[in-house]
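Novice: Give me a model of this one.
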Amino acid sequence: MIDQENFKVLNPTTPTPSGLVDALGEGKGSRIFCLLPLVVNLEEPPVVPEFLGDLTTRGWSPVRVNTYITRWMGAECAKGLLSGGIDALVFTSSAEIEGHMTSLNSLGEESSKWRDEKHRTFLVAAHGPVTAHGASPRRSSTILWIIPFP
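Specialist: Got it, this is the predicted structure:
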């Protein structure tokens, strides 16, 4: 059990990495371990280096610890999307968006054709403002995008 007297739980006003940096306040040279993904075969989302940069700007000395791997699993992961019967698609990170776009391109598909066998437009949702920002340059006019912001 965690000794609650020695830990402070932060609940950022804005649910983003920059909001977390604001909630942490000034680091005054303190080291902070940042448990982050190692991104393989995809472009690292800009949120990761921006987070580390924001911490440095606020006086923290961030130590990057790659704790898990985010990697593209190959074109096969998009076949379910193309097989039809999908009404909605939810992304929780911009790396997921890039992975699916890469898969569709590898299969010779264009994002403008993200429709099922009935030619219905997909509902695509992004979880949170950082993912929504990562999705915005990839928008297609044939997809109904729901981009939630807090």
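Novice: where exactly do the strands run in the chain?
Specialist: Using DSSP state E, the strands assigned to the chain run over residues 31-40, 61-71, 88-91, 123-126, 144-146.
Novice: Which strands and helices lie in contact with the second one?
Specialist: When you say that, I think you mean strand 61-71. Where contact means 3 or more C-beta pairs under 8 Å, 6 or more residues apart in numbering; DSSP states H and E, strand 61-71 is packed against strand 31-40, helix 47-57. Quick note: C-beta positions are derived from backbone N, CA and C, even for glycine.
Novice: hmm, who's touching the first one?
Specialist: Read that as strand 31-40. Residues outside strand 31-40 that contact it (C-beta atoms under 8 Å, 6 or more residues apart in numbering) are 24, 45, 48, 51-52, 55, 60-72, 95.
Novice: Report the buried members of the residues you listed.
Specialist: Neighbour-count burial (16 or more other C-beta atoms under 10 Å) applied to the contacts of strand 31-40 gives 24, 45, 48, 51-52, 55, 60, 62, 70, 72, 95.
Novice: Leu89: which of those residues is nearest?
Specialist: Using C-beta to C-beta, the shortest approach to Leu89 within the buried ones among the contacts of strand 31-40 belongs to Ala95, at 14.7 Å.
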